[in-house]
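In: Mind folding the following:
(one chain, ligands or ions: 1)
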Amino acid sequence: MIPMYMKDCYLKEFDTEVKSVDGNYVEFNDTIFYPRSGGQPCDHGTINGIRVDEVIKRGEKILHKLSEPVSGKVHMKIDWERRYKFMRSHTAAHILSSVIFKETGALITGNQISEDKIRIDFNLPEFDRSRLSEWERKANEIISEGHAVKTYVLPREEAFKIPDLVKLKKMLPESIQEIRIVEIEGIDIQACGGTHVKNTSEIGKIKITKAENKGKNNRRIYFEIL
Ligand SMILES: [Zn+2]
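Out: Residues are numbered from 1 along each chain as shown. Predicted structure coming up:
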């Protein structure tokens, strides 16, 4: 089942029901809370007025840590300011990664979003720092062009017909038969389960703040959204 936070990233409040309880961890019929995964932190918010600041994935289950018991019908509300910043940050990470890939051919090996900065790791033997400002400028140009960001689900075989996604084939287990695609029109296409804005113009502007070497071929850059 595709959770509600994927179907509509802009939904701030939602009514649902308790499905199962395991100690402090509660699973609901559906959820607007993003669970910590894929380099994006979980959402914070309230469920029936009770604070939620830990949401995790265990297998297929999305579990919300609650300090008080709940049962039956509930009302969910996410901290929108935090979530929206992650949506902007996450979409910006796709754009900057795509610029780095197009400019250097470097493979992106990881990323981590936090409230004040975003980290991207990539594999590149020759790292010319003087190009950072050019990457930043190109990413900001794409952002300001206002590209639509579309998300949709494709059957596995369909998804792997897209040239940009073929490289994922070995990484995604056979059990995953449906693949969620995030397409920044005219710019980038990825398989991703995160939350994104609908249009790149919502991001605003990015600034690369730091670059580090992490081992022989591994590079790490940090950026902020302004
Ligand atoms: Zn994404």
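In: going forward, measure contacts and count neighbours with C-alpha atoms only.
Out: Will do.
In: now the helices for the protein?
Out: Using DSSP state H, the helices of the chain run over residues 4-7, 80-104, 132-145, 156-159.
In: For the nearest residue to Glu145 once chain neighbours are set aside, the count of nearby residues, please.
Out: Distances taken as Cα to Cα, 6 or more residues apart in numbering place Ser201 nearest to Glu145, at 6.8 Å, with adjacent residues excluded. Residue crowding around Ser201 was assessed by other Cα atoms under 10 Å; the count is 18.
In: Identify the residues contacting Ser201.
Out: 143-147 (Cα atoms under 8 Å, 6 or more residues apart in numbering).
In: can you name the two of those residues that are farthest apart?
Out: Within the contacts of Ser201, two members stand farthest from each other by Cα to Cα: Ser144 and His147, at 8.2 Å.
In: what do those two both touch?
Out: Here Ser144 and His147 share the contacting residues 200-201, scored by Cα under 8 Å, 6+ apart.
In: of the two, who's got more company?
Out: Shown here are Ser144 and His147; by other Cα under 10 Å, His147 has more neighbours (18 against 15).
In: right, and that one touches Thr200 too?
Out: Yes - the criterion here is Cα atoms under 8 Å, and His147 meets it with Thr200 at 5.3 Å.
In: between those two, what contacts are shared?
Out: Any residue near both His147 and Thr200 by Cα under 8 Å, 6+ apart counts here, and that gives Ile184.
In: hmm, back to that, return the distance of the residue nearest to Glu145 relative to Glu141.
Out: Using Cα to Cα, to the nearest Å, Ser201 is found at 10 Å from Glu141.
In: again, but for Arg36
Out: On the measure of Cα to Cα, Arg36 and Glu141 end up 30 Å apart.
In: Please apply the same query to Gly204.
Out: Remark: distance between Gly204 and Glu141 (Cα to Cα) = 11 Å.
In: and if you look at Thr109?
Out: Distance of Thr109 to Glu141, given as Cα to Cα: 24 Å.
In: for Gly105, same thing?
Out: Gly105 is 20 Å from Glu141, by Cα to Cα.
In: Next: Ile2.
Out: Separation of Ile2 from Glu141 (Cα to Cα): 33 Å.
In: Ile56 touches Phe33, doesn't it?
Out: No - using Cα under 8 Å, Ile56 is not in contact with Phe33, being 9.5 Å away.
In: Overlap of the contact sets of the two?
Out: Common neighbours of Ile56 and Phe33, using Cα under 8 Å, 6+ apart, are Cys42.
In: how about the residues of this protein near the ion?
Out: 192, 194 (Cα under 5 Å from the ion).
In: Centroid-nearest residue for the chain?
Out: Among the residues of the chain, Gly194 comes closest to the average C-alpha position under Cα atoms, centre = their mean, at 3.2 Å.
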